[in-house]
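# whatever this is, show me its structure:
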Amino acid sequence: MSFTSEVKEELVSLRLGDSCCTLAEISALSFCLASFSLRGRGEVLLNYTSQSPTVAKRLVMLFRFFGHKNIGMSTRRDNRFGGRRFTVLTLSGNDARAMMQRIGVLRLEQGVFQYRNIPQRTVRRICCQRAYIRGMFLGVGNISLPEKAYHAEFILPDKKRAEFLLRTLQLQNMQFSMYKRRSSYVVYSKNSGEIASLLATMGAVRALLRFEDIRMLSQVKAKALRSVNCDQANLSRQIATAQKQLEHIDHIYKFAGLTALPDNLQQLARLRISHPDYSLKQLGSMLKPSKSKATVSRMFKQIEEFADNISEHIPTTSREVKT
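You can find the predicted model right below:
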């Protein structure tokens, strides 16, 4: 079972809230899953199509909450989607018209039914905003587990509904984004904090705990990997630097002898020869008196300059000095 399916299973198991919240939830499901047609004599047919039996079960609960018991149910396969099976729930006649009036998209004006866009009153209260977001997720939402990638999205058929959802998420202090994907509009976030807030807002507590566990584990793994990579890079730089220092010391040894160095530099050079793998800090602690890492770095710079100075004065044919 996908993580999205797990979240939806948990959301469907939640108890229905107050009538205002239940209305907000079924409004969201209506705006993303329902299609309607107006027939003669004011007859309305309202179809809810979902590929999730879990969501269909929730819709039946919502219909019955509002007293709609004459619910048509059928299944169909759509060859455009690999033969996927879809569940279709149907309200007709007075039930359909009452539902559309209840969610506010159908109103009677001068004896004629008029269709209108999503009413703002649907999400007037904080509790209703959460229920609306939950309904939208049940209808068109998806979430990826953080072990793959942080991603949550809602795929909506038109810009107005996508913008309405985006504003509702903002009312709950969640910053999602929107873009157009072919003929649909996608409201999404790749931010782990926003996705965690989404799960909490919808009431998916078990899913949130699992998400946070995986997110924490991913962060620990990433931190450990960065630390290993950083340590490896530091070690590589340390080895390369030590190799360069040994080359300078060897050059001085061959053409002038280490005794040509001042006592403090001579001491450091001999320590480096004895401990080629030591860090500057470790070498500094072995000097008499001990020196800081920065001071040791400057001393090696002086050794480098000494070696360069020797190179400038070496004749074409020279004799190596061994001391």
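
# how close does Phe36 get to Ser92?
As for Phe36, its distance to Ser92 is 10 Å (criterion: C-beta to C-beta, to the nearest Å). Quick note: C-beta positions are derived from backbone N, CA and C, even for glycine.

# can you check Leu166 too?
Here Leu166 is placed at a distance of 33 Å from Ser92 (C-beta to C-beta).

# mutual contacts of Phe36 and Ser92, please.
Val44, Leu45, Leu46 (C-beta atoms under 8 Å, 6 or more residues apart in numbering).

# please tell me which one of these counts the most neighbours.
Highest neighbour count within the shared contacts of Phe36 and Ser92: Leu46, with 23 neighbours (other C-beta atoms under 10 Å).

# bridge partners for it, pull those for me.
Counting by DSSP bridges, Leu46 is bridged to Phe36, Leu91.

# check the one 4 residues further on too.
Legend: beta-bridge partners of Ser50 under DSSP bridges are Thr87.

# mind listing what it touches?
Going by C-beta under 8 Å, 6+ apart, Ser50 touches Leu33, Ala56, Leu59, Phe86, Thr87, Leu89, Gly139.

# check which element follows the helix ranked longest in the chain along the chain.
Criterion DSSP state H: the longest helix present in the chain is helix 205-255. As assigned by DSSP states H and E, the chain's next helix or strand after helix 205-255 is helix 263-274.

# give me the residues contacting that following helix.
With C-beta under 8 Å, 6+ apart as the test, helix 263-274 has contacts from 242, 245-246, 249, 252, 258-259, 261, 278, 283, 286-288, 296, 299-300, 302-303, 306.

# burial count for Ile26?
26.

# contacting residues for the closest residue to it other than its chain neighbours?
Nearest residue to Ile26 in three dimensions, chain neighbours excluded: Leu62, at 4.3 Å (C-beta to C-beta, 6 or more residues apart in numbering). Listed by C-beta under 8 Å, 6+ apart, the contact partners of Leu62 are Leu16, Thr22, Glu25, Ile26, Leu29.

# against which helices or strands is the strand or helix carrying Leu283 packed?
Element membership for Leu283 (DSSP H and E) is helix 280-286. Using 3 or more C-beta pairs under 8 Å, 6 or more residues apart in numbering; DSSP states H and E, the elements in contact with helix 280-286 are helix 263-274, helix 293-313.

# can you tell me what sits against that helix?
In contact with helix 280-286 (C-beta under 8 Å, 6+ apart) are residues 268, 271-272, 275, 278, 290-293, 295-297, 300.

# for PyMOL, write a command that selects the buried ones of those residues.
With 16 or more other C-beta atoms under 10 Å as the burial test, the buried ones among the contacts of helix 280-286 are selected in PyMOL as follows:
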select buried, resi 268+271+272+278+291+296+300
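
# secondary structure class for Leu89?
strand (DSSP: H, G, I helix; E, B strand; the rest coil).

# not counting residues beside it along the chain, what's closest to it?
Excluding the flanking residues, the one nearest Leu89 by C-beta to C-beta, 6+ apart is Tyr48, at 4.4 Å.

# same question, Arg76
Phe86 (5.5 Å).

# surely that neighbour touches Arg77?
Yes - here Phe86 lies in contact with Arg77, judged by C-beta atoms under 8 Å, at a distance of 7.4 Å.

# higher neighbour count, those two?
Taking other C-beta under 10 Å, Phe86 and Arg77 do not tie; Phe86 has more neighbours (16 against 11).

# re the thing from before, for Ser192, find the nearest of the helices and strands packed on helix 280-286.
Relative to Ser192, the nearest member of the helices and strands packed on helix 280-286 by C-beta to C-beta is helix 293-313, separated by 37.8 Å.

# can I get the CA coordinates of that closest one in PDB?
Backbone C-alpha positions of helix 293-313 (Å, rounded to 0.1, in the frame of the first residue of the first chain) are rendered in PDB as follows:
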ATOM      1  CA  LYS A 293      47.800  25.400  14.400                       C
ATOM      2  CA  ALA A 294      48.100  28.800  12.800                       C
ATOM      3  CA  THR A 295      51.700  29.300  14.000                       C
ATOM      4  CA  VAL A 296      52.700  25.800  12.700                       C
ATOM      5  CA  SER A 297      51.100  26.700   9.300                       C
ATOM      6  CA  ARG A 298      53.200  29.900   9.200                       C
ATOM      7  CA  MET A 299      56.300  28.000  10.100                       C
ATOM      8  CA  PHE A 300      55.800  25.600   7.200                       C
ATOM      9  CA  LYS A 301      55.300  28.600   5.000                       C
ATOM     10  CA  GLN A 302      58.800  29.800   6.100                       C
ATOM     11  CA  ILE A 303      60.200  26.300   5.300                       C
ATOM     12  CA  GLU A 304      58.600  26.500   1.800                       C
ATOM     13  CA  GLU A 305      60.200  30.000   1.300                       C
ATOM     14  CA  PHE A 306      63.600  28.600   2.500                       C
ATOM     15  CA  ALA A 307      63.300  25.800  -0.100                       C
ATOM     16  CA  ASP A 308      62.300  28.200  -2.900                       C
ATOM     17  CA  ASN A 309      65.300  30.400  -2.000                       C
ATOM     18  CA  ILE A 310      67.600  27.500  -2.200                       C
ATOM     19  CA  SER A 311      66.200  26.600  -5.700                       C
ATOM     20  CA  GLU A 312      67.000  30.100  -6.900                       C
ATOM     21  CA  HIS A 313      70.700  29.700  -6.000                       C
END
